[in-house]
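> Everything below, folded, please.
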Amino acid sequence: MPEAVTAVATALAAPVIVVAAVLGFVNAVIRPILQFLSCGLIVATLGLFTLVINAGTLWIAGTWSNALFNTGFTID
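This next block holds a predicted model:
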C-alpha cells in the first residue's frame, strides 16, 4: 500500500501556475463535453460515473502539462 503524502513542496511558482491553468482549461472546456456525451451513463449509475469523468480530467491535465510544458504531476 503506498505511503500517504505528508507534504508537497515546490521551488518555483511557475509549475504550479501552469498546472492550474491547464486544469482550469480542462475543467472549463473538456469536462462539460464529457459529461454531455456520457449523460446516459451518469443517469444509469446514479451519478457514480462522474467519478470516472473526474479521474479522466485529472489524467488529461497531468498528461497535457507534462507533454506541453514539461512540468506537472503524474498519476500512478
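> since we're on residue 72, how many residues are nearby?
Residue 72 has 19 neighbours, counted by other CB atoms under 10 Å. C-betas here are computed from N, CA, C, even on glycine.
> secondary structure element for it?
Using DSSP states H and E, residue 72 is not contained in any helix or strand.
> Quick one, grab the pLDDT at it.
pLDDT, residue 72: 73.
> Can you tell me the element residue 17 falls in?
Counting by DSSP H and E, residue 17 is part of helix 14-25.
> ok now the helix or strand that comes right after that helix, how far from the chain's centre?
Once the chain leaves helix 14-25, the next helix or strand it forms, by DSSP H and E, is helix 31-37. Relative to the centre of its chain, helix 31-37 is centred 14 Å away, using CA atoms, centre = their mean, to the nearest Å.
> neighbouring contacts of helix 31-37?
Helix 31-37 has contacts (CB atoms under 8 Å, 6 or more residues apart in numbering) with 42, 50, 53, 56, 57.
> Now that we have those, which of them are buried?
For the contacts of helix 31-37, a neighbour count by 16 or more other CB atoms under 10 Å gives the buried set as 42, 50, 53, 57.
> Sort out for me which of those are in helices.
Using DSSP state H, the subset of these located in helices is 42, 50, 53, 57.
> which one of those is nearest residue 23?
Residue 23 has its nearest neighbour among those in residue 57, at 7.8 Å by CB to CB.
> tell me the contacts of the closest one?
Contacts of residue 57 by CB under 8 Å, 6+ apart are 23, 26, 27, 30, 31, 34.
> what about residue 14, neighbour count?
Neighbour count of residue 14, defined by other CB under 10 Å: 11.
> do the one 5 residues further on as well
The local packing count at residue 19 equals 20, with neighbours defined by other CB under 10 Å.
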